[in-house]
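> following is a predicted model, sequence given first.
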Amino acid sequence: MDVALRRGLGLAIALGTLGAAAAGRSAEFSLEQVLERGLPNSASLELSRRQLDRSEASLGFSRSLRLPQLNLVGSGSFTQVGTSIGVVSNLPTMGDLSLGLGQNGYALLQSSFAGGGLVLEANLLPLKEAALVAAATEQTKASRASLSEAQRQVRFELETAYRELQLRQALLPVWESALRASTALERDAQLFHSRGLAARIDVLRSQALRAADRQGLATAKAQLAGAQARLGQLLALPLQEPPSAKDPIQSLTDPWPLDLASSVERALDQRPLLEALALQQRASQQQARAARAALLPRVSLLAGAGFNGNRIYGSQTSAAANLSGAANLSLPGFAGNGSLQGSFYDWGALLLLRQPLYDGGRARGAAALASKEGAVLEADGELARRQIRQAVASSWENLRASTESIAAGREAVAAAQRGLHDAQLRYRAQVEPLTEVLLVQRDLQVARAALLTAQVQQALDRALLERETGGPP
């Protein structure tokens with residue numbers, strides 16, 4: 001039983017270890033794979049697409065306002081009148097009736113009416129509607145331009161997250177190496193101190209260095225997890241599958257061949273952001289035009305045609321009587337009944353002119369509001385141009401200096417590695433104090449981190465220029 005139990009526990013532990021490893025496995029992605037997966041899954045792009053759909057729906061609605069309206073109308077009625085007098089007036093469906101009733105005569109009248117037709121209503125002078133269609137058209141174009149701008153922004157966001165993950169992955173071995181070196185240095189210091197060859201302060205300094213490296217490694221792991229979570233969210237990955245960067249960090253010998261003037265000109269030419277702001281400004285102008293058109297004359301056409309049927313039934317219970325009105329009906333001089341029925345058609349047209357004289361300032365206020373909105377968009381466009389120029393100039397200058405900065409970083413790393421090796425040998429030979437080793441080791445760690453940061457920053461500056469200019473040079 002004990003052997004079986006131990007085997008069962010061993011199997012459970014193994015399966016648990018494999019399950020934990022599977023749950024924490026990392027999915028490797030190249031930058032190209034990140035872009036292919038991230039662009040279709042972007043929430044920002046989905047929002048821009050839905051805004052475009054909304055603008056197209058608004059355009060369709062605005063166009064429908066200019067179209068005529070055709071309505072089917074119908075009516076029906078039934079009226080019954082019982083009277084002992086000779087004149088009945090103001091009947092809703094039969095009009096005025098004159099009855100020839102004798103003394104103590106009584107008549108019962110019933111009228112049934114049904115009719116139907118078509119009514120056409122058209123705006124012959126759709127000035128306001130035309131301005132609304134123009135505004136909706138410009139707004140739809142602006143939404144398409146905003147979608148193109150959103151694609152640039154999402155692409156840059158994905159590459160930024162990927163470069164950040166590259167940097168955090170590369171910095172993790174730097175801290176691990178520093179921790180191994182500081183741990184070995186602490187062992188050496190303790191050994192020398194145990195033999196009376198080093199002071200206690202050397203042991204304490206080595207312990208402080210090792211603790212600082214351990215703290216730095218923990219921070220680097222947390223930053224790596226944060227970078228993985230950010231990229232995983234952009235790629236819509238499960239939490240148990242954190243992504244990792246497959247591409248190594250590389251340097252570019254010629255990161256951007258275009259000069260500054262050409263880069264700025266290319267960034268400002270056909271920029272979707274600037275195009276969208278200009279289109280929104282024109283849409284505001286059309287909205288102001290539509291508001292002013294509310295005070296202009298309006299000419300409408302109303303035309304209709306229909307077919308109607310009518311039936312009149314009457315009865316009397318006394319002396320003879322004559323019914324005259326819309327139709328003549330002779331009732332027998334004795335108790336009896338009579339009826340009359342027929343149909344008719346009609347058609348006609350009406351032109352209606354309406355000229356607003358005073359609306360309380362609503363049209364003027366709406367036009368002023370739309371004009372102010374256009375002025376705000378114009379200022380927004382000028383601010384965007386300045387920000388584009390500044391971003392392009394800053395990234396271009398950084399790229400121009402990046403090649404020399406990376407070369408100097410490599411030289412600093414190589415020199416620090418040689419210096420650390422020499423300092424360790426001199427310390428073990430009791431030629432140099434431990435302080436010198438600590439300083440040189442810290443210099444190496446800083447140089448490695450600076451080199452990696454410079455390489456990633458070069459890639460980010462190039463990505464920013466590609467975003468601003470619309471693509472590679």
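Looks like it arrived, so ask away. Numbers count the residues shown, from 1 in each chain.
> separation between L185 and T435?
For L185, the distance to T435 equals 12 Å [Cβ to Cβ, to the nearest Å]. (Each C-beta comes from the backbone N, C-alpha and C, glycine too.)
> those two - which one has more neighbours?
L185 (22 against 13; other Cβ atoms under 10 Å).
> confirm that that one sits in a strand.
No. L185 is assigned helix when assessed by DSSP: H, G, I helix; E, B strand; the rest coil, not a strand.
> report the contact partners of the residue nearest to it when sequence neighbours are not counted.
Sequence neighbours aside, S206 is the residue nearest to L185 in space, at 5.0 Å (criterion: Cβ to Cβ, 6 or more residues apart in numbering). S206 sits next to S182, L185, E186, D188, A189, Q190, L434, L438 when contact means Cβ atoms under 8 Å, 6 or more residues apart in numbering.
> which entries within these meet the buried criterion?
S182, L185, E186, D188, A189, L434, L438 (16 or more other Cβ atoms under 10 Å).
> tell me how the chain divides into domains.
39-66+126-296+377-473, 72-124+301-355 (automatic domain parsing).
> let me have these in a markdown table, extended by distance to A27 and mean pLDDT.
Formatted as a markdown table, those follow (distance: least, Cβ to Cβ, whole Å; pLDDT from 0 to 100):
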| stretch | distance to A27 | mean pLDDT |
| --- | --- | --- |
| domain 39-66+126-296+377-473 | 5 | 91 |
| domain 72-124+301-355 | 60 | 76 |
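> dump these to a markdown table, plus distance to A363.
Below are the domains of the chain laid out as a markdown table (distance: least, Cβ to Cβ, whole Å):
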| stretch | distance to A363 |
| --- | --- |
| domain 39-66+126-296+377-473 | 4 |
| domain 72-124+301-355 | 13 |
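> pick the most buried one from those domains.
domain 39-66+126-296+377-473 (a mean of 17; mean count of other Cβ atoms under 10 Å).
> can you give me the helices for the stretch 151-300 of the chain?
200-234, 260-268, 272-293 (DSSP state H, counting those that start in this stretch).
> now the ones you listed as CSV including distance to E378?
Formatted as CSV, the helices of the stretch 151-300 of the chain follow (distance: least, Cβ to Cβ, whole Å):
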stretch, distance to E378
helix 200-234, 34
helix 260-268, 16
helix 272-293, 6
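> now do the shared contacts for L185 and T435.
With Cβ under 8 Å, 6+ apart, L185 and T435 have no common neighbours.
> what about the helices of the stretch 151-300 of the chain, which gets the closest to A114?
Nearest of these to A114, taken as Cβ to Cβ: helix 272-293 at 42.0 Å.
> helices or strands up against the closest one?
The elements that helix 272-293 packs onto, with contact taken as 3 or more Cβ pairs under 8 Å, 6 or more residues apart in numbering; DSSP states H and E, are helix 127-194, helix 362-428.
> for these, which one sits closest to L252?
That would be helix 362-428 among the helices and strands packed on helix 272-293, by Cβ to Cβ, at 7.6 Å.
> give me the distance between that closest one and the centre of its chain.
26 Å (Cα atoms, centre = their mean, to the nearest Å).
> ok, back up a step: out of the contacts of S206, which is nearest to R292?
S182 (76.5 Å).
> mind listing what the closest residue to the closest one other than its chain neighbours touches?
Counting by Cβ to Cβ, 6+ apart, R210 is the residue found nearest to S182 once chain neighbours are left out, at 4.1 Å. Listed by Cβ under 8 Å, 6+ apart, the contact set of R210 reads L179, S182, T183, L185, E186.
> all helices of the stretch 1-150 of the chain, in order?
Under DSSP H, counting those that start in this stretch, the stretch 1-150 of the chain gives helices at 2-23, 31-38, 43-64, 127-194.
> could you dump those helices to CSV with distance to I249?
Shown next, in CSV, are the helices of the stretch 1-150 of the chain (distance: least, Cβ to Cβ, whole Å):
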stretch, distance to I249
helix 2-23, 27
helix 31-38, 11
helix 43-64, 27
helix 127-194, 5
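> among the ones you listed, which comes closest to A261?
With Cβ to Cβ as the measure, helix 127-194 is the member of the helices of the stretch 1-150 of the chain nearest A261 (21.5 Å).
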